[in-house]
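Participant: build me a structure from this.
(2 chains)
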There are 2 protein chains.
Amino acid sequence: MTKKVDAARLRFRPHFKTHQSHEIGRWFREKQVDAITVSSLSMAIYFIADGWTDITIAFPLNIHEIKVLNTIPEAISLGLLVNSPTTALKLCETADRPYNCWIEADTGFGRSGIEASDSDAFRQIIHILQSNPHLFVAGLLSHFGHTYQAKDKAEVSRIYNTGMNALQALRNRLQPVCPDMQISVGDTPSCSMLDDFGEADELRPGNFIYYDLMQAAIGSCRIEDIAVALSVPVVEIHHGKRQLIVHGGAIHLSKDSMPGEHGQPVFGRVSRLEDKGWGPPLEGVYVKSLSQEHGVLQFRSDIPADIETGSLLGILPVHSCLTADAAGACMTTGGAFIGMLDKRLVY
Amino acid sequence: MTKKVDAARLRFRPHFKTHQSHEIGRWFREKQVDAITVSSLSMAIYFIADGWTDITIAFPLNIHEIKVLNTIPEAISLGLLVNSPTTALKLCETADRPYNCWIEADTGFGRSGIEASDSDAFRQIIHILQSNPHLFVAGLLSHFGHTYQAKDKAEVSRIYNTGMNALQALRNRLQPVCPDMQISVGDTPSCSMLDDFGEADELRPGNFIYYDLMQAAIGSCRIEDIAVALSVPVVEIHHGKRQLIVHGGAIHLSKDSMPGEHGQPVFGRVSRLEDKGWGPPLEGVYVKSLSQEHGVLQFRSDIPADIETGSLLGILPVHSCLTADAAGACMTTGGAFIGMLDKRLVY
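Facilitator: Residues are numbered from 1 along each chain as shown, chains lettered A, B, ... in the order given. Model prediction:
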């Protein structure tokens, strides 16, 4: 990803919400990355503690947090999302340190942000922000999250280009009131599959650090590129039902699922752990259901004889961001452990 | 619940996985409760630290944890679930302190445990356990988790009685090899709706401490009995789409959903916070979707004018156990806070 971003001469601001790890953050630093994205104030504080000095909090500003934000040293460059005149006014009144203000544009995903066609709303926010010298209008930020529902590269490409055209047109319309707005985008499917990022100035992919089953289904990666597995101990074997019970449940994997070959919900796929990492997902085996701590693994054929009570298996997650987020809790409330690239076990 | 259990002259061993809180645990102690259930070793350790001395870990024993279990002082009475001969053998070989061993019987839920009809498997485990003087065969434990899918009290009652009859018959068949086996059950729907618990010796409900939307739908409680809400700040208002964006997502609420009035998935209902707690759920408003940190609240009618950016709302969860479990993470990774009975806000 660093090579691709360098080739396109863009700023790389990877999203760190996926791993939330100082250690993995340092791998990026070794690749000369110095700007990052996070999704909450507390995540920003966590990475400031490890020396990061240029951070965008890519979540609509929660005005209750301004007081805490103001206490962050000015040596830290902080980007915020200011998505409404009300929030802009509140920030204007209370900001007493510099902020880079991004306005989130919705180009079709339909979650947060202002519809990219509504230039007046953007203008209004820009005018408010320009009244406080601490506030720098950095540009337009967008998340093309609808690529996560795309079927293939052609659809990802269509979503990206439609979105980028809308952002570019919006930037042109806003040029008279704010001449140097940057464009920040970067969902993982687009960043993985495309090479031409059009008028973007900055890319913010995050999920690609691990990838997951959903990304493999879209075509962002191959199954063998998935770089995270939850290591789970087998606690029961039901040969009759061809099921294993493992310690690894909803609190470890989250309840995100994707449709299996017969339309049934699949909560993960199952691999054998190996000396270095894990093998390919086992054919005809999937995570059938999850309760708080229990995972039920369903086999199509007989359970192999070498899988015993106490065996450790690896679960490839449907959505790695949620699994990795849960892993912190899992360290304190369960026995399972998340393996990252190499196999690290608590047992 | 304490009154009901006392009237039925049963042992009360409430499940503490729902709240995972020292403070709430102490409320039980004030009611003379001295025995508890947890679902993991680390949860047991957490409650031992607050003085609990009689704990059942109601999750199939993970043999990798025996070494740590052996280090727990003998003054703590520990109950384990030993659900297979392999696990029993391993425990026999390595136990060097006393354990109360329960064998989990599956009476139709179909998750963990041995089918209640398979007396031989129970006998085999009992024989193995009886060979080590540290291991006391306490009895049969079952979770009638299929009551969570029940439509009404009649169905809950049917599931309970069928399950209890199967356990009673199993106990009779095992009487020659193990004369004094106890029966431990206690899903929240049965414990909430029934008064006659048949041959049970012990009840282990947990969810009732908070209840949730799913329990209200089954009939275990009224909506106004739900004792937990996630306090979320409004970060964006979309009058056109009649949607609010709040800071409160999948990492705070979990992705558990239930069908709404038109079959659409509902991830929670929405209340106004009040000086003491919160009001009834707002009519025609529900949590429509969740991503990692974002929640999208959908209104049927116009959004009331007094709901502004920065307003705090309460989300009643679909499944309180998962929300409460996530709340620990939420305190460290997000800005939202879980309110328990009284309103406690971080802002």
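Participant: what does stretch A:175-183 contact?
Facilitator: Contacts with stretch A:175-183, where a contact means C-beta atoms under 8 Å, 6 or more residues apart in numbering or on different chains, come from A:123, A:126-127, A:130, A:137-142, A:164, A:167-168, A:171, A:174, A:199-202. The way it works is simple: take the backbone N, C-alpha and C, and place the C-beta from them, glycine included.
Participant: what comes up buried for that stretch?
Facilitator: A:178, A:181, A:182, A:183 (16 or more other C-beta atoms under 10 Å in any protein chain shown).
Participant: name the element residue A:190 belongs to?
Facilitator: Here residue A:190 is covered by helix A:188-193, with elements defined by DSSP states H and E.
Participant: now do the helices in chain A.
Facilitator: Assigned by DSSP state H, the helices in chain A fall at A:2-7, A:22-30, A:41-48, A:66-69, A:85-94, A:119-130, A:153-174, A:188-193, A:213-218, A:250-253, A:320-333.
Participant: looking at the ones you listed, which one has the lowest mean pLDDT?
Facilitator: When these are compared on mean pLDDT, helix A:320-333 scores lowest, with a mean of 58.
Participant: domains in chain A, by residue range?
Facilitator: Domain ranges of chain A: A:2-208, A:223-340, per automatic domain parsing.
Participant: tell me the strands beside the top strand by length along chain A, with direction?
Facilitator: Determined from DSSP state E, the single longest strand within chain A is strand A:277-290. With DSSP bridges as the test, strand A:277-290 is paired with strand A:268-274 (antiparallel), strand A:294-299 (antiparallel).
Participant: could those strands be laid out in a markdown table, adding mean pLDDT?
Facilitator: Shown next, in a markdown table, are those (pLDDT from 0 to 100):
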| stretch | mean pLDDT |
| --- | --- |
| strand A:268-274 | 93 |
| strand A:294-299 | 97 |
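Participant: most tightly packed of these?
Facilitator: strand A:294-299 (a mean of 23; mean count of other C-beta atoms under 10 Å in any protein chain shown).
Participant: give me the residues contacting that one.
Facilitator: A:232, A:242-249, A:252-253, A:267-268, A:270, A:284-290, A:313, A:315, B:59, B:111-112.
Participant: alpha carbons of that strand, as PDB, please.
Facilitator: The C-alpha coordinates for strand A:294-299 follow below in PDB (Å, rounded to 0.1, in the frame of the first residue of the first chain):
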ATOM      1  CA  HIS A 294     -19.300 -20.200  22.900                       C
ATOM      2  CA  GLY A 295     -18.500 -20.700  19.200                       C
ATOM      3  CA  VAL A 296     -20.000 -23.600  17.300                       C
ATOM      4  CA  LEU A 297     -18.000 -24.900  14.400                       C
ATOM      5  CA  GLN A 298     -19.900 -27.000  11.800                       C
ATOM      6  CA  PHE A 299     -18.100 -29.600   9.700                       C
END
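Participant: what sits against residue A:253?
Facilitator: Neighbouring residues of residue A:253 by C-beta under 8 Å, 6+ apart: A:230, A:267, A:268, A:287, A:290, A:295, A:315, A:317, A:318, A:322, A:323, A:326.
Participant: redo that, cut-off 7 Å
Facilitator: By C-beta atoms under 7 Å, 6 or more residues apart in numbering or on different chains, the residues touching residue A:253 are A:230, A:267, A:268, A:290, A:315, A:317, A:323, A:326.
Participant: my guess is the second one contacts residue A:287. True?
Facilitator: Looking back up the chat, that one is residue A:267. Yes: here residue A:267 lies in contact with residue A:287, judged by C-beta atoms under 7 Å, at a distance of 4.0 Å.
Participant: picking that back up, just the buried members of the contacts of strand A:294-299?
Facilitator: Buried, going by 16+ other C-beta under 10 Å: A:232, A:242-249, A:252-253, A:267-268, A:270, A:285-290, A:313, A:315, B:59, B:111-112, out of the contacts of strand A:294-299.
Participant: can I get the domains of chain A in CSV with distance to residue B:217?
Facilitator: Converted to CSV, the domains of chain A look like this (distance: least, C-beta to C-beta, whole Å):
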stretch, distance to residue B:217
domain A:2-208, 27
domain A:223-340, 17
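Participant: compare these and give me the one nearest residue B:89.
Facilitator: domain A:223-340 (9.5 Å; C-beta to C-beta).
Participant: I am finished for the moment; much appreciated.
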